[in-house]
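missing the sequence, but the structure's below:
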């Protein structure tokens, strides 16, 4: 893969590119996320037409606290790529990628449900695993292990 194309197009929006254990990770600012994902999907050089997974990560006590991680696969070229976006605890919002991959619907809802990360533009952002009146987000590191006790 030619990462110079990505760096040339998105410049300072790409904050890091790492290769470890034959896996490539691109870290980007959230303001360029959707254009970057569209470029990776639609660009002939990359053709990442399959969103394998989308998940949240909580790095408490670090700042930024959260990351949303997108695992992409190209059926045409048979290669993988990971894209990460960091989010501050005070503003855990990122744009939805449903317009690119309809399969992101449930994955974004799950990330919202378990981490409290908001996906702007999601057509039905509500809990998917837990009851709608559930308090908190159980995959956050500060969520009590014994759960929230009713008083």
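Nice, thanks for sending it over. For clarity, every value in this text was computed on a predicted model and none was experimentally measured.

can you give me how far stretch 70-89 is from the chain middle?
8 Å (C-alpha atoms, centre = their mean, to the nearest Å).

ok, and for it, which residues are buried?
Buried residues in stretch 70-89, defined by neighbour count with 16 or more other C-beta atoms under 10 Å: 70-74, 81-87, 89. For every residue, glycine as well, the C-beta is placed using N, CA and C.

now that stretch: mean pLDDT?
Averaging pLDDT along stretch 70-89 gives 96.

before we move on, what about stretch 37-56?
Here stretch 37-56 scores 96 as its mean pLDDT.

end-to-end on that stretch?
End-to-end distance of stretch 37-56 (C-alpha to C-alpha, to the nearest Å): 17 Å.

in that stretch, what's buried?
Buried residues in stretch 37-56 (16+ other C-beta under 10 Å): 37, 39-41, 46-49, 51, 54-56.

which of the residues you listed sits closest to residue 134?
Of all the buried residues of stretch 37-56, residue 56 has the smallest distance to residue 134: 16.5 Å, by C-beta to C-beta.

for the nearest residue to that closest one once chain neighbours are set aside, which residues are in contact?
Distances taken as C-beta to C-beta, 6 or more residues apart in numbering put residue 115 closest to residue 56, at 3.8 Å, once the chain neighbours are dropped. Residue 115 is in contact with 56, 58, 66, 92, 137, 139-140, counting by C-beta atoms under 8 Å, 6 or more residues apart in numbering.

returning to that earlier point: among the buried residues of stretch 37-56, which are in helices?
Judged by DSSP state H, helices contain the following of the buried residues of stretch 37-56: 37, 39-41.

helices along the protein, start to end?
Using DSSP H, helices in the chain cover 3-10, 33-42, 104-115.
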